[in-house]
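J.: Dropping a prediction and its sequence here:
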Amino acid sequence: MTMMLAAVGLQAQNVYWVFMTDKAGSTFDPYEYFDQKAIDRYQQVGADLYDISNYPVTPAYAAGVNALAIEEVGQSRWLNAMGVVATPDQAAQMEQLPYVDRVQFIGSDMQPAAYANSTNYTADQDLDTTLTPQLVRMQGYLFRQKGIDGRGVRIAVLDGGFPKVNTHDAFKHLRDNHQIVKTWNFPNKKEDVYGWNSHGTMTLSCIGGRMHGKDLGMATGAEYLLARTEVEAEPFKEEIWWQMAAEWADRNGANIISSSLGYGQDRYYTRDMNGQSHVAKAANMAARKGILVICSAGNEADDNSWQYIVTPSDADSVLCIGGIEHSLELYEHISFASFGPSADGRQKPNVCAFAHTWAASPKNNGAYDKVYGTSFSCPLVAGFAACAWQASPGKTNMQMFDLIQRSADLYPYCDYAFGYGVPQASFFMGGKKTVEPTFRFERIDETTVSVAPLKRDTSVYIFYKDVLDDGRIYTYGQRWVSVTDTSIRLDFAGGHRLVVHMAGHTAEYRFDQPTNPDPDNWTFIRSNDPKLEYAKTIELSRTPSRDIATEDRFVRDYYFQMGLPIGTDADELGCSIWSPAFRIGARWQYRFTKAYGWGLAVEYGHSAFRFGSEANRLDSLAAMDDDLRWLDKKVSQHKVYLGELGIELFQRVRFVPLGMQHKGLHWDLGVYGNWGYNSYRLKGSRNGDIASSRKETVRGLDMLDGYRWNWGVTTRLSYDMIGIYARYRLNSIGSEVPAGKVLLPRLEAGVQVMF
């Protein structure tokens, strides 16, 4: 069965990375290849223009791979690899080429960090100031007072398309001043990016958009490189296009990459969010070459099966951006924004910003929308970073990375919801001022301490965390402290050291004899304090898991199928449409990746075949048993009842993932075997005499020699929980129907429901 399954699967077309062993014979002139801004950036950070990673894939190697491939998706200098479309047997042939190191299946799906938009606003509904609240929250007015708008900084925006950016009012200043330097559409291999997914239009507006005299983003004076790297329903190629776009940004002098695209549960497990994906490695390579890479944390917090960040924001050199609610008074994690840490325990997110923002509306040239998602907190910080860089000339990308973290309003406190907090422009306008203590610790008992606020005239939030000796956070939370509160009691569950932040002041408390919690038994906790009023007093308390590899590669589901037999052979008995087949079963699948797995099913089925009157076959049936000889050609009804107990081995390929076990479009191909039990019921009359009509039931009547054990192939195409299936019996192929036997239809097709 396995050989047959593999043989049928060979016809599938997949996408692969083909990695080369070397770059022998490759030539490269950086002064012809790079934009002058890229050369300047390399020199500033001390990167080697002649680094072997900048050399192209050896042309002869590329030609050899292309001779076997169906399609070349693209090439990566940094990986020394090619992305290709090929069948599995073609991929196996590529792997035998002497200059090919390995061939790796790509089972990923790049998705925009999800967003939704609400009411559409126009110029008649003005915002309160010349800066939108999303910029006020980061003290963007301080940059504006000094005339800082990102001038001199070049930003590459990687997204799914930029419809109406060439006509929309929000980008008129960019067009008039020729600030959009270059564009490239990687899926379509052309310069036109002004169409397709509107996600890019909205993210770009949050970096440098301006409309009706109001700034949507801070970097209105920056230069832009626009790259389309994502398509609506392409499950395998975006990782290659993202990699190519990062190299394109490097070549064309980008100082910043802003990407609100990410790979998450559709492709990976949480254990994989450790900076080792190819896009994470590409992001780190871009950072090595002097680019500040800024990515969305993701919007996975509402999904109980996956609440963590997505890649490439898990890369150690990527500034990962979380999300907070849009408020200038409150400081609240927005419900959907992904939590850290990375799978290997590193601090993520790094900082946060509004994830409910104003953005240009692609549907209306004179309007903007209120939109949701860390897709928009990321570009807000990208625009901030461009202004901060303009205010800090001579700094390298990683120096800016550190400075942006230090500028955040919670620093040096950090946790896995807010990172170091929201970046503040005042840090770059004169440095962070020393804050007087705002609270003191009062020990209650061995595991409890209270935080007593000092004199103040406003209500504030406190942020607290219990930190392990190795620096990882055991628990963390947030509480609202009113002006009347004299102390806040905190249970010291971890027993290591307690870090608290209040009104700009951070302090640490350590017990003399800490307890030793078992980090292997960490669980997720999110709770609201019922005594507190919603919105202003929500308490976020969370216990992160040390080992966040909680997903099981084994997936189980149950299914119900209903179908009809379909005749495909002249020797088969014709069935009426009233011949239903029912089947229930359970499947267990082992997923090698989120896009591909093998499985086993156990099922029970029942069929009731109903046939028309066919004299020769009825005569043959009657001749088989003395009890049936009384029948003549006037049989009014006859049925075959089948009960089947079977097993199935199958492979599953997911084409369009949507995140959950059943969500998305996937295809199963398998082989089955079952043991069947049947009975035959006849109803008729002798010589047309109604009075002598009778019914006969014969159990165990053979349909074919060896019928009891059947085997064949099965296939299913499913979307979400609904699908269609077909199964074809193979054990009777090539066999003649013996005298006195009948042949049931081999093909069955119908619908299935998974649950």
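T.: Perfect, thanks for sending it. Numbering: from 1, shown residues only.
J.: the strands in the stretch 551-700 of the chain, which residues?
T.: 554-566, 581-593, 596-610, 635-657, 664-686, 689-699 (DSSP state E, counting those that start in this stretch).
J.: Skip ahead from the last one and say which helix or strand is next.
T.: Tracing the chain past strand 689-699, the next element assigned as helix or strand by DSSP states H and E is strand 709-719.
J.: who does whatever helix or strand comes next after that following strand pair up with?
T.: Going down the chain from strand 709-719, the next helix or strand is strand 722-729, by DSSP H and E. Paired strands of strand 722-729, with direction, are strand 709-719 (antiparallel), strand 747-754 (antiparallel) (DSSP bridges).
J.: With mean neighbour count, distance to Y474 and mean pLDDT as added columns, please give those strands in TSV.
T.: C-betas here are computed from N, CA, C, even on glycine. Formatted as TSV, those follow (neighbours: other Cβ atoms under 10 Å; distance: least, Cβ to Cβ, whole Å; pLDDT from 0 to 100):
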stretch	mean neighbour count	distance to Y474	mean pLDDT
strand 709-719	18	42	91
strand 747-754	18	39	94
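J.: how about the nearest residue to E95 once chain neighbours are set aside, what does it touch?
T.: Of all residues not flanking E95 in the chain, V103 sits nearest, at 4.6 Å (Cβ to Cβ, 6 or more residues apart in numbering). By Cβ atoms under 8 Å, 6 or more residues apart in numbering, the residues touching V103 are Y16, W17, V18, F19, A91, A92, M94, E95.
J.: out of these, which are inside helices?
T.: Applying DSSP state H to those, the entries found in helices are A91, A92, M94, E95.
J.: Selecting buried members of those in ChimeraX, what would you type?
T.: Remark: buried members of the ones in helices among the contacts of V103, expressed as a ChimeraX selection using 16 or more other Cβ atoms under 10 Å:
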select :91,94
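J.: Between the ones in helices among the contacts of V103, which sits nearest L216?
T.: A91 (45.5 Å; Cβ to Cβ).
J.: which residues are contacting stretch 481-491?
T.: Contact with stretch 481-491 is made by 442, 444, 447-453, 456-462, 464, 479, 498, 500, 502, as judged by Cβ under 8 Å, 6+ apart.
J.: Dump the ones in helices among the contacts of V103 into TSV; add distance to V153 as well.
T.: Below are those laid out as TSV (distance: Cβ to Cβ, whole Å):
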residue	distance to V153
A91	42
A92	47
M94	41
E95	43
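J.: In TSV: the strands of the stretch 551-700 of the chain, plus mean neighbour count and mean pLDDT.
T.: Output for those, formatted as TSV (neighbours: other Cβ atoms under 10 Å; pLDDT from 0 to 100):
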stretch	mean neighbour count	mean pLDDT
strand 554-566	17	90
strand 581-593	16	89
strand 596-610	18	88
strand 635-657	18	76
strand 664-686	18	75
strand 689-699	11	44
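J.: and those strands as TSV, adding distance to S335?
T.: Putting these into TSV (distance: least, Cβ to Cβ, whole Å) gives the following:
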stretch	distance to S335
strand 554-566	27
strand 581-593	28
strand 596-610	31
strand 635-657	23
strand 664-686	24
strand 689-699	61
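J.: Mind naming the longest helix for the chain?
T.: Longest helix in the chain, counting by DSSP H: helix 374-391.
J.: Give me the most central residue, the chain.
T.: For the chain, G264 is the residue whose C-alpha lies nearest the centre (Cα atoms, centre = their mean; 3.2 Å).
J.: From C295, how far off is the spatially closest residue to that residue that is not a sequence neighbour?
T.: Once flanking residues are discounted, G264 sits nearest to V310: 3.8 Å by Cβ to Cβ, 6+ apart. Noted for V310: a distance of 8 Å to C295, by Cβ to Cβ, to the nearest Å.
J.: quick one, helices of the chain?
T.: Using DSSP H, the helices of the chain run over 2-9, 30-33, 36-45, 59-66, 88-95, 133-136, 140-145, 172-176, 199-208, 238-251, 278-288, 374-391, 397-407, 615-623.
J.: next one: the third one to chain centre, how far?
T.: Centroid separation for helix 36-45 versus its chain: 34 Å, with Cα atoms, centre = their mean, to the nearest Å.
J.: Flag every buried residue along stretch 394-413.
T.: Quick answer for stretch 394-413 (16+ other Cβ under 10 Å): 395-397, 400-401, 403-405, 407-411, 413.
J.: now for those, which pair is the farthest apart?
T.: T396 and Y413 (25.7 Å).
J.: Could you double-check that the residue nearest to the centre of the chain sits in contact with E300?
T.: Yes - counting by Cβ atoms under 8 Å, G264 touches E300, with 5.9 Å between them.
J.: what number of residues lie near T486?
T.: T486: 8 surrounding residues under other Cβ atoms under 10 Å.
J.: Now do K594 against Y269, distance only.
T.: Distance, K594 to Y269, by Cβ to Cβ: 8 Å.
J.: what sits against T220?
T.: Counting by Cβ under 8 Å, 6+ apart, T220 makes contact with D149, G150, H173, L174, G208, G209, R210.
J.: With respect to G712, which of those is nearest?
T.: Nearest to G712 among the contacts of T220 is G209, at 59.1 Å by Cβ to Cβ.
J.: List phi and psi for that closest one.
T.: Main-chain torsions, G209, degrees, to the nearest 10: phi -80, psi 150.
J.: Can you tell me how far it is from V751?
T.: In terms of Cβ to Cβ, G209 sits 48 Å off from V751.
J.: do the same with K37
T.: For K37, the distance to V751 (Cβ to Cβ) stands at 58 Å.
J.: coming back round to it: in strands, which of the contacts of stretch 481-491 appear?
T.: Judged by DSSP state E, strands contain the following of those: 442, 444, 448-453, 460-462, 464, 479, 498, 500, 502.
J.: Give me the buried entries from the contacts of T220.
T.: Buried members of the contacts of T220, counted by 16+ other Cβ under 10 Å: D149, G150, H173, L174, G208, G209, R210.
J.: Kindly indicate which of the residues you listed lies nearest P423.
T.: Nearest member of these to P423, counting by Cβ to Cβ, is G150, at 14.0 Å.
J.: Report the contact partners of the closest one.
T.: Listed by Cβ under 8 Å, 6+ apart, the contact set of G150 reads G208, M218, A219, T220, G221, A222, G383, A386, C387, W389, Q390.
J.: Neighbour-wise, which one of the residues you listed leads?
T.: G383 (35 neighbours).
J.: ok so, going back, quick one: which of V310 and C295 has more around it?
T.: C295 (33 against 30).
J.: How confident was the prediction at the residue nearest to E95?
T.: Looking at V103, its pLDDT stands at 94.
J.: Quick check: it vs D491, distance?
T.: From V103 to D491 the distance is 53 Å (Cβ to Cβ).
J.: Kindly report the same for K370.
T.: For K370 relative to D491 (Cβ to Cβ), the value is 38 Å.
J.: next one: S296
T.: Distance from S296 to D491, by Cβ to Cβ: 33 Å.
J.: more crowded one of the two?
T.: Between S296 and D491, counted using other Cβ under 10 Å, S296 has the larger neighbour count: 35 against 12.
J.: Next one: the more buried one from E436, what distance?
T.: Separation of S296 from E436 (Cβ to Cβ): 36 Å.
J.: Please apply the same query to V381.
T.: Distance, V381 to E436, by Cβ to Cβ: 29 Å.
J.: can you check L564 too?
T.: 80 Å.
J.: Assess the claim that N252 and T183 are in contact.
T.: No - if you go by Cβ under 8 Å, N252 and T183 don't touch, sitting 10.3 Å apart.
J.: Residues that sit against both of these two, list them.
T.: Counting by Cβ under 8 Å, 6+ apart, the residues touching both N252 and T183 are L225.
J.: Same drill for V381 and E436, tell me which one is more crowded.
T.: V381 (33 against 8).
J.: give the contact list for the more buried one.
T.: V381 neighbours (Cβ under 8 Å, 6+ apart): I294, L319, I321, V351, A353, I404, P423.
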